[in-house]
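Asks: show me the folded form of this:
(2 chains)
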2 protein chains.
Amino acid sequence: MAKINENYLLLPENYIFSEIEARIQKFKKENPDANIIDLGIGDVTRPLPKAVIEAFHRAVDEMGRPETFRGYGPEQGYKFLIEKIIKYDYEKRNIELSVDEVFISDGAKCDIANIQELFDVNNRVAVLDPVYPVYVETNVMAGRAGKPTDGKYENIVYLPCKEENNFIPPLPDEKVDLIYLCYPNNPTGTVLTKKELKKWVDYAHENESIILYDGAYEAFIQEKNIPHSIYEIEDAKEVAIEFRSFSKTAGFTGVRCAYCVVPLQAKAKDNKGRKHSLNKLWRRRQAAKFNGVSYPVQVAASAVYTKRGQREIKESIEYYLNNAKIMRKALKKIGLKAYGGVNAPYIWIKTPNGMNSWDFFDYLLENAQIVGTPGIGFGPSGEGYFRITAFNTRENTKEAMKRLEDL
Amino acid sequence: MAKINENYLLLPENYIFSEIEARIQKFKKENPDANIIDLGIGDVTRPLPKAVIEAFHRAVDEMGRPETFRGYGPEQGYKFLIEKIIKYDYEKRNIELSVDEVFISDGAKCDIANIQELFDVNNRVAVLDPVYPVYVETNVMAGRAGKPTDGKYENIVYLPCKEENNFIPPLPDEKVDLIYLCYPNNPTGTVLTKKELKKWVDYAHENESIILYDGAYEAFIQEKNIPHSIYEIEDAKEVAIEFRSFSKTAGFTGVRCAYCVVPLQAKAKDNKGRKHSLNKLWRRRQAAKFNGVSYPVQVAASAVYTKRGQREIKESIEYYLNNAKIMRKALKKIGLKAYGGVNAPYIWIKTPNGMNSWDFFDYLLENAQIVGTPGIGFGPSGEGYFRITAFNTRENTKEAMKRLEDL
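Replies: You can find the predicted model right below:
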């Protein structure tokens, strides 16, 4: 008799964005003329850079001619793209990587969801709280999380990031094996300095832990002392896997291209204490379960690294960060405390008068037709907070802030 | 201390195609002028249909304009593509499906690798032998296979398909929970009649098993009484999940688009005997671990269903099947027994004089510079067989057969 993986029954019924969507649909039905401005889901709105579009077309044409057609590519991605990633995203920050340390994928979500497969089901997982739900849910599915109580899973270590600790996560007070870090942070929009990040690399060395470092929002970093890659920290390669994406960097949310770095030095042990290369395990996983990213998409992504591509993505990032600036200013004016939005497209609002997250969601939807994401959806320490994003148009961003000021 | 998933240590060291590649590279190094013809890996060579190219370009252009730009799409795929799949691939065979039963993905390999996550780790798995290695390896990684001995995993039930049983798999003589079937078959190129397939649907009903039906080569079916979908068998929806791909149908191996059908009726039980919808579990999995297929790729795939697209893919399929015909004829002439190649792009050769598969591989590489896939790479019952594919050019196919005839 086929039996289900019972761990799935431990998942929350609704993925947070589905619940939001349901509430919006209900509101729309009751208010068909409402002009809702969505500052909720973190999706880009600016079109693909022209350099990317041109490269994309060129590669599509190649696929239409027998002499340039390409079938299966390497599961780990084409060298032409990997070499550009290494040169522009790492070497310019004095980080050396070899071609076999970078793996192209169809999304950082997929990579970060799949990476836990390499590890023992009894490994102890630590996450920041609030946290991108995917880290937790994929460990629930794998049976690593245990049972849920009060919004927390019994076997997961939650590291609260709140106003009180300036959103800097405390080191775990017990030994953990896998640590998910996301900087610039989703959802709080905050960052870690090199000094703060070094504490984590040191912790990982001391405890033989592995850091799963989600750098999907790296392109938004503006301030000087903020690390763009965890490998800017000495000896991080032995203890960290890094995830990056073209989604937010270059508008690829609908195009799908990302990559992860699994350094050759990164190792974990088996039950007999023998060390194994995580790079080799990941390569094996990808060979058995993945078939590479669409060739035209990889060509399109490589155009991000042309001079013109770099200029164009910079313009988009600036556009979004100017939205963030407008929002931070407006929030300050009306007396709402807000964090992030300087090195990240996310602003983390403290709800007024201790209102809970979903009440604030409903309040904004009903009174200003603004949609954001309730902080509680990202974990228990998100209660009393609310995430808005800088990804909407300038016009909508301004209109949304005007509505807030008029409330 | 981070520990690895020890199941990975039970995997064979090399994925079969990597081992083949290594032997080819060695031969090339020693024989730099050799003109090798690759009839090994099952990759297409004909360019994308013109209808597909045009749609692809159109969608890329949409991504370059703010008013038509698309960010995140639905994880399960765009309705415009799902509706075409239902209409053309199913309704025309009198199979009704609803939009929420079809899930678009970036590859049948990914889907079929990931689907086992929905099931209990103690479920008993049956595979045909020989078999596409992905079915076995993904179950090894999940801890469902047990230890390997003599090319078999202790907890996997192998169903031998050999000349002696006309490559028709016997029903398992013990209860199994998950059954991987692939028709038209990779690697043997053989097919099942409706009557034979019905035996499996009946078995699944009797034993509450789930059939994972890989129909990646469906487009190659030419003969009349061969089912194109497992849902042509009555009541199969309750016990079968079907996987399809644009890879071999429309030359998408490098473009990446596929789909799977998880019927609303398909259910499996939990430990308390309560039934759960596999559709719901898969939807939950995809929401947490996947972010949809590239929008331009989905538009390109939907052009496969235009009149022109259908005509163009038919031409390519015929091209490959004519290659198969040429090969079957040549093999017959030189006295080699061969199967498949009528409703499939694969021909399964019985090696001469009881030669083993890898010896025959080396013999052909060294004496005719022809590469194929050793049958043993697909499982113990593949020993003494050898797979060649119809995906090369007409010219290379003819040249390869000439070399065989001249041996």
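
Asks: which residues of the stretch 251-400 of chain A lie near chain B?
Replies: The stretch 251-400 of chain A comes close to chain B at residues A:251, A:253-256, A:268-271, A:276, A:278, A:281, A:284-285, A:287-297, as judged by CB under 8 Å from any CB of the partner chain. To be clear about C-beta, it is placed using only N, CA and C from the backbone, and glycine gets the same treatment.

Asks: go with 6 Å
Replies: Taking CB under 6 Å from any CB of the partner chain as the measure of proximity, the stretch 251-400 of chain A contacts chain B at A:253-256, A:268-270, A:276, A:281, A:287-289, A:291, A:294-295, A:297.

Asks: drop anything exposed from the residues you listed.
Replies: A:253-256, A:268, A:276, A:281, A:287-289, A:291, A:294-295, A:297 (16 or more other CB atoms under 10 Å in any protein chain shown).

Asks: okay, and which of these map to helices?
Replies: Using DSSP state H, the members of those that fall in helices are A:281, A:287-289, A:295, A:297.

Asks: I'd like to know which of those residues is nearest to B:Cys161.
Replies: B:Cys161 lies nearest to A:Ala288 out of these, by CB to CB, at 22.1 Å.

Asks: in what helix or strand does the closest residue to that closest one other than its chain neighbours lie?
Replies: Spatially, and ignoring its direct neighbours in sequence, A:Ala288 is nearest to B:Glu137 (4.4 Å; CB to CB, 6 or more residues apart in numbering or on different chains). Taking DSSP states H and E as the criterion, B:Glu137 maps to helix B:133-141.

Asks: and A:Leu181, by the same measure?
Replies: A:Leu181 is part of strand A:178-182 when elements are defined by DSSP H and E.

Asks: sheet partners, orientation included, of that strand?
Replies: Within its sheet, strand A:178-182 is paired with strand A:125-129 (parallel), strand A:210-214 (parallel), according to DSSP bridges.

Asks: pull out the buried residues from the helix or strand following it.
Replies: Using DSSP H and E, the helix or strand that directly follows strand A:178-182 along the chain is helix A:194-207. Along helix A:194-207, these residues count as buried under the neighbour rule (16+ other CB under 10 Å): A:197-198, A:200-204, A:207.

Asks: helices of chain A, residue ranges please.
Replies: A:16-30, A:50-62, A:79-85, A:108-114, A:133-141, A:194-207, A:247-250, A:278-289, A:295-302, A:307-333, A:357-368, A:394-406.

Asks: lowest average confidence across those helices, which one?
Replies: Across the helices of chain A, helix A:16-30 has the smallest mean pLDDT, namely a mean of 90.

Asks: that one close to chain B?
Replies: No. Judged by CB under 6 Å from any CB, helix A:16-30 stays clear of chain B, getting no closer than 7.2 Å.

Asks: contact partners of that helix?
Replies: Contact with helix A:16-30 is made by A:40-41, A:365, A:377, as judged by CB atoms under 6 Å, 6 or more residues apart in numbering or on different chains.

Asks: dihedrals phi and psi, A:Pro47?
Replies: Main-chain torsions, A:Pro47, degrees, to the nearest 10: phi -70, psi 170.

Asks: pretty sure it sits against B:Pro66.
Replies: Yes. When contacts are counted by CB atoms under 6 Å, A:Pro47 is listed as touching B:Pro66 (5.1 Å).

Asks: compare the two (neighbour count), which wins?
Replies: A:Pro47 (21 against 9; other CB atoms under 10 Å in any protein chain shown).

Asks: need the contact list for that one.
Replies: Per CB under 6 Å, 6+ apart, neighbours of A:Pro47: B:64-66, B:69.

Asks: so for stretch A:168-184, what gets flagged as buried?
Replies: Buried, per 16+ other CB under 10 Å, within stretch A:168-184: A:169, A:172, A:176-184.

Asks: chain B: which of those residues is nearest?
Replies: Nearest to chain B among the buried residues of stretch A:168-184: A:Asp177, at 4.4 Å, using CB to the nearest CB.

Asks: ok, for that closest one, nearest residue in space, not its chain neighbours?
Replies: Spatial nearest neighbour of A:Asp177, excluding adjacent residues (CB to CB, 6+ apart): A:Asn123 at 3.9 Å.

Asks: the one you found reaches A:Leu178, doesn't it?
Replies: Yes. Contact criterion CB under 6 Å: A:Asn123 and A:Leu178 qualify, at 5.3 Å.

Asks: returning to what we had before: which one of the buried ones among the residues of the stretch 251-400 of chain A next to chain B is nearest A:Asp106?
Replies: A:Arg256 (4.4 Å).

Asks: would you confirm that that closest one contacts B:Ser294?
Replies: Yes. Contact criterion CB under 6 Å: A:Arg256 and B:Ser294 qualify, at 4.6 Å.

Asks: which other helices and strands contact the helix holding B:Glu137?
Replies: Judged by 3 or more CB pairs under 6 Å, 6 or more residues apart in numbering or on different chains; DSSP states H and E, helix B:133-141 is in contact with helix B:108-114, strand B:125-129.

Asks: may I see those arranged in JSON lines, with mean neighbour count as well?
Replies: Below are those laid out as JSON lines (neighbours: other CB atoms under 10 Å in any protein chain shown):
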{"stretch": "helix B:108-114", "mean neighbour count": "24"}
{"stretch": "strand B:125-129", "mean neighbour count": "24"}
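
Asks: up against chain B, what does the stretch 1-150 of chain A have?
Replies: Applying CB under 6 Å from any CB, one finds that the stretch 1-150 of chain A approaches chain B through A:1-6, A:8, A:15, A:43-44, A:47-48, A:53, A:56-57, A:60, A:63-66, A:69-73, A:106-107, A:109, A:113, A:118-120, A:123, A:134, A:137.

Asks: contacting residues for A:Glu405?
Replies: A:Glu405 touches A:Ile334, counting by CB under 6 Å, 6+ apart.

Asks: actually A:Ile326, not the one I wrote
Replies: Contact partners of A:Ile326, counting by CB under 6 Å, 6+ apart, are A:Thr397.

Asks: recalculate using a threshold of 7 Å.
Replies: A:397-398, A:401 (CB atoms under 7 Å, 6 or more residues apart in numbering or on different chains).

Asks: ok, it to A:Ile347 distance?
Replies: As judged by CB to CB, to the nearest Å, A:Ile326 and A:Ile347 stand 10 Å apart.

Asks: returning to that earlier point: narrow the contacts of A:Pro47 to those that are buried.
Replies: B:64, B:69.

Asks: pLDDT and distance to chain A for the contacts of A:Pro47 - can I get that in JSON lines?
Replies: Below are those laid out as JSON lines (pLDDT from 0 to 100; distance: CB to the nearest CB, whole Å):
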{"residue": "B:Gly64", "pLDDT": "98", "distance to chain A": "4"}
{"residue": "B:Arg65", "pLDDT": "98", "distance to chain A": "6"}
{"residue": "B:Pro66", "pLDDT": "94", "distance to chain A": "5"}
{"residue": "B:Phe69", "pLDDT": "97", "distance to chain A": "4"}
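
Asks: count of residues packed around the nearest residue to A:Phe56 once chain neighbours are set aside?
Replies: Using CB to CB, 6+ apart and skipping residues adjacent in sequence, the residue nearest A:Phe56 is A:Ala300, 3.9 Å away. Neighbour count for A:Ala300, taken as other CB under 10 Å: 33.

Asks: surely A:Ala300 is in contact with A:Val52?
Replies: Yes. Look at A:Ala300 against A:Val52 with CB atoms under 7 Å: they come within range, at 4.9 Å.

Asks: quick check, pLDDT for the spatially most central residue of chain A.
Replies: Taking CA atoms, centre = their mean, the centroid of chain A lies closest to A:Ala216, which sits 4.6 Å from it. The confidence metric pLDDT takes the value 98 at A:Ala216.

Asks: so how far is B:Met401 from it?
Replies: Distance from A:Ala216 to B:Met401, by CB to CB: 51 Å.
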